[in-house]
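K.L.:
quick check, what structure comes out for this input:
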Amino acid sequence: MAFNRKIGLDDEGRPSAGATFVSRTMPAGTVVRAYRPEEATVDVWCSGLFGLMGKGVQEIPLKTSWFTKYLRGQ
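P.N.:
So this is what the prediction gives:
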């Protein structure tokens, strides 16, 4: 919740009235760690950008980020 407030969102992840939260994530690379026909484990590296835009609101300029996501699924 502290992170939400830091980027201009409330505890539920909503922007203030009149604002639009912009968030885009783009996969940059993957590694298949394990594979079976019924299940795979994959690491996904992502880059992204996010910010808060809108007239009459305190805008938070778009910022870039990167992260790794571990996915395991069927």
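K.L.:
okay, CA-based contacts and neighbour counts for the rest of this
P.N.:
Will do.
K.L.:
other SSEs contacting the longest strand anywhere in the chain?
P.N.:
Scanning the chain for the longest strand, with DSSP state E as the assignment, gives strand 20-36. With contacts defined as 3 or more Cα pairs under 8 Å, 6 or more residues apart in numbering; DSSP states H and E, the packing partners of strand 20-36 are strand 39-53.
K.L.:
direction included, what does the helix or strand just after the strand it packs on pair against?
P.N.:
Stepping forward along the backbone from strand 39-53, the first helix or strand reached (DSSP states H and E) is strand 60-73. Sheet pairing for strand 60-73, assigned by DSSP bridges, gives strand 39-53 (antiparallel).
K.L.:
buried residues, the lowest-mean-pLDDT helix or strand in the chain. List them.
P.N.:
Per-element confidence for the chain was summarised using mean pLDDT, DSSP states H and E. The lowest value among helices and strands belongs to strand 60-73, with a mean of 77. By neighbour count, with 16 or more other Cα atoms under 10 Å as the criterion, the buried positions of strand 60-73 are Ile60.
K.L.:
do the same with stretch 39-59
P.N.:
When burial is assessed from 16+ other Cα under 10 Å, stretch 39-59 yields the following buried residues: Thr41, Val42, Val44, Trp45, Cys46, Gly48, Phe50, Gly51, Leu52, Met53, Glu59.
K.L.:
now, which of the residues you listed sits nearest Gly18?
P.N.:
Gly18 lies nearest to Met53 out of those, by Cα to Cα, at 8.7 Å.
K.L.:
for that closest one, give me the pLDDT.
P.N.:
Here the pLDDT value assigned to Met53 is 85.
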